[in-house]
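Chemist: Provide a 3D model corresponding to the input given below.
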Amino acid sequence: MLLRHLTLRHYRNYVELRQEFSPSLNVVVGPNAQGKTNLLESVYLLATSKSMKGSKDADLIEWDTPAALVSADVLREKANDIELEVSLSRTEKKTLVVNTVHVPRAMEFIGQLKAVAFSVSDLEVVRGEPLRRRRFLDLEVSQLSPSYVHTLACYRKVVEQRSKLLKQARDRSMRPIIEETLGVWTDQMIVYGSKLMDRRRQFLEKLEAFAQPIHSLMTDAQERLTVSYHPSFRAPENPEKVPDAYREALSHVREEEFRRQVCLVGPHRDDVTFLINGRDARTYGSQGQQRTAALSVKLAEVELMRDLTGEAPVCLLDDVFSELDSRRRGHIFDVTLGACQTFLSTTDVELLPLEVRKQATLFHARQGSLRREGERERGREGATR
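Modeler: Okay, the predicted model is just below:
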């Protein structure tokens, strides 16, 4: 899978850019706040329809500009080549386009281009709050399963409606009527939530199988990494029994939900733990151990996507080398170099091994413009953000 041409218009600090990239390693170098991360983020947007940094769509549009566009030509081995486009507006809903045709549902767009991104902020997957890990799960599973995108959207709508009903129950005279309606939304939440849990569990089991040997290699077999899924209630391993356990868990918190006026049980409250030699890396791991665990998981994603789809995803490495020692950097290139198209941003190209630099296509980022080594500057300067 290769991203060939990328076009940006009024995206972040890029006013206008059309650039062709190498099928191997693309290194984007330049000082901070020049557009390196923005470039990588635009590729991730085409893969997931979401910002790599969790930004709102309006924040992706150039300052004082009403709209932005990101598009690309993607070459694929296991499917037909494809053109993707995301149009962003400050006043209208985001538009997703596949081969010049508007697709109304995100599930028809997400995963057409597959990408794995790793930045310093991805350390938060290991040491951050549960919300960060749930976002990680949803973004990665969505690329592999269009049905997951649909189920997740339905689940979120149901939770929103159910929460509104719980808030209306502040008027005690309305509670009997609300309880009857609440049951309908509860049934739907159980159906969609059980499907999400099953798909998340399957993904993490496969991810762990790839992450463990990578982590063992990076730690000289001194550490064993375990990735565990933790639903918000005691869920049986048999997916057929999960709905009944889900319903029982909801019955136990029924009064508490009315008191707090929120949905207390379900995938929106699940978590993932990363254990190193049986101990929670978030609580007991050193910063180095947390960083290695996060890196192992990201590299495992590359291997997992390649295994499930038959072709490697695009790999996005956003300024991670200043945070890693030479050994960990080497492991990244062992997995990615020559195996998948890679975009790497850095402030200092000297951080890369000489043999890697020889294979790289170098791009210089400056104030929202991009210049390929040996070519004239491409793109007009935009307002740096």
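Chemist: The residue lying closest to Ser145 once chain neighbours are set aside - how many residues pack around it?
Modeler: Distances taken as C-beta to C-beta, 6 or more residues apart in numbering put Arg199 closest to Ser145, at 6.1 Å, once the chain neighbours are dropped. Glycine gets a C-beta too; all of them are placed from N, C-alpha and C. Residue neighbour count, defined by other C-beta atoms under 10 Å, stands at 21 for Arg199.
Chemist: likewise Lys56?
Modeler: 8.
Chemist: Next one: it from Leu182, what distance?
Modeler: 31 Å (C-beta to C-beta, to the nearest Å).
Chemist: Report the buried residues of stretch 23-41.
Modeler: 24-30, 34-41 (16 or more other C-beta atoms under 10 Å).
Chemist: Narrow these to those in strands?
Modeler: Secondary structure assignment by DSSP state E places 25-29 of those in strands.
Chemist: Please report phi then psi for Arg4.
Modeler: Main-chain torsions, Arg4, degrees, to the nearest 10: phi -90, psi -70.
Chemist: mind listing the helices for the stretch 51-200 of the chain?
Modeler: 124-127, 130-144, 146-168, 175-218 (DSSP state H, counting those that start in this stretch).
Chemist: Just send these back as CSV, with distance to Leu308 and mean pLDDT too.
Modeler: Converted to CSV, those look like this (distance: least, C-beta to C-beta, whole Å; pLDDT from 0 to 100):
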stretch, distance to Leu308, mean pLDDT
helix 124-127, 20, 90
helix 130-144, 6, 95
helix 146-168, 13, 95
helix 175-218, 8, 95
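Chemist: Just send these back as CSV, with distance to Ser345 too.
Modeler: Below are the helices of the stretch 51-200 of the chain laid out as CSV (distance: least, C-beta to C-beta, whole Å):
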stretch, distance to Ser345
helix 124-127, 19
helix 130-144, 20
helix 146-168, 28
helix 175-218, 22
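Chemist: With Ala72 as the reference, name the closest of those helices.
Modeler: Ala72 lies closest, by C-beta to C-beta, to one member of the helices of the stretch 51-200 of the chain: helix 130-144, at 15.5 Å.
Chemist: Next, the angle helix 175-218 makes with that closest one.
Modeler: Put simply, helix 130-144 runs at 80 degrees to helix 175-218, going by axes from the mean of the first three to the mean of the last three C-alpha atoms, to 10 degrees.
Chemist: Contacts for helix 130-144, please.
Modeler: Helix 130-144 has contacts (C-beta atoms under 8 Å, 6 or more residues apart in numbering) with 47-48, 50, 54, 110-111, 114-116, 122, 124-125, 148-149, 152, 199-200, 203-204, 267-272, 301, 305, 308-309, 313.
Chemist: among these, which ones are buried?
Modeler: 47-48, 50, 110-111, 114-116, 122, 124-125, 148-149, 152, 199-200, 203-204, 267-272, 301, 305, 309, 313.
Chemist: between the host helix or strand of Leu275 and helix 175-218, what angle do the directions make?
Modeler: Following DSSP states H and E, one finds Leu275 within strand 271-276. If you take the same axes, to 10 degrees, strand 271-276 sits at 20 degrees to helix 175-218.
Chemist: just checking, what packs against strand 271-276?
Modeler: helix 130-144, strand 225-230, helix 281-284, helix 287-309 (3 or more C-beta pairs under 8 Å, 6 or more residues apart in numbering; DSSP states H and E).
Chemist: pLDDT score assigned to the residue at the greatest distance from the centre of the chain?
Modeler: Relative to the mean C-alpha coordinate of the chain, counting by C-alpha atoms, centre = their mean, the farthest residue is Ser173 (44.3 Å). pLDDT recorded at Ser173 is 79.
Chemist: Name the next helix or strand downstream of the lowest-mean-pLDDT helix or strand in the chain, please.
Modeler: Ranked by mean pLDDT, DSSP states H and E, the helix or strand of the chain with the weakest confidence is helix 326-336, at a mean of 84. Next in sequence after helix 326-336, counting helices and strands by DSSP H and E, comes strand 342-346.
Chemist: re earlier: mind putting the ones in strands among the buried residues of stretch 23-41 into TSV with distance to Ala245 and pLDDT?
Modeler: TSV is the format used below for these (distance: C-beta to C-beta, whole Å; pLDDT from 0 to 100):
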residue	distance to Ala245	pLDDT
Leu25	48	95
Asn26	48	96
Val27	50	96
Val28	48	97
Val29	52	96
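Chemist: Would you format those as CSV with distance to Met218 included?
Modeler: Output for those, formatted as CSV (distance: C-beta to C-beta, whole Å):
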residue, distance to Met218
Leu25, 21
Asn26, 24
Val27, 23
Val28, 25
Val29, 26
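Chemist: if we can go back for a sec, what is the most widely separated pair among the buried residues of stretch 23-41?
Modeler: Largest pairwise distance in the buried residues of stretch 23-41, by C-beta to C-beta, is 23.2 Å, between Ser24 and Gln34.
Chemist: is it true that Thr346 touches Phe321?
Modeler: Yes: at 5.7 Å, Thr346 and Phe321 qualify as touching, with contact defined as C-beta atoms under 8 Å.
Chemist: where are the low-confidence patches of this protein?
Modeler: Scanning the chain for pLDDT under 70 picks out the ranges 375-385.
Chemist: Need the phi and psi values for Gly338.
Modeler: With angles defined as degrees, to the nearest 10, Gly338 sits at phi 80, psi -10.
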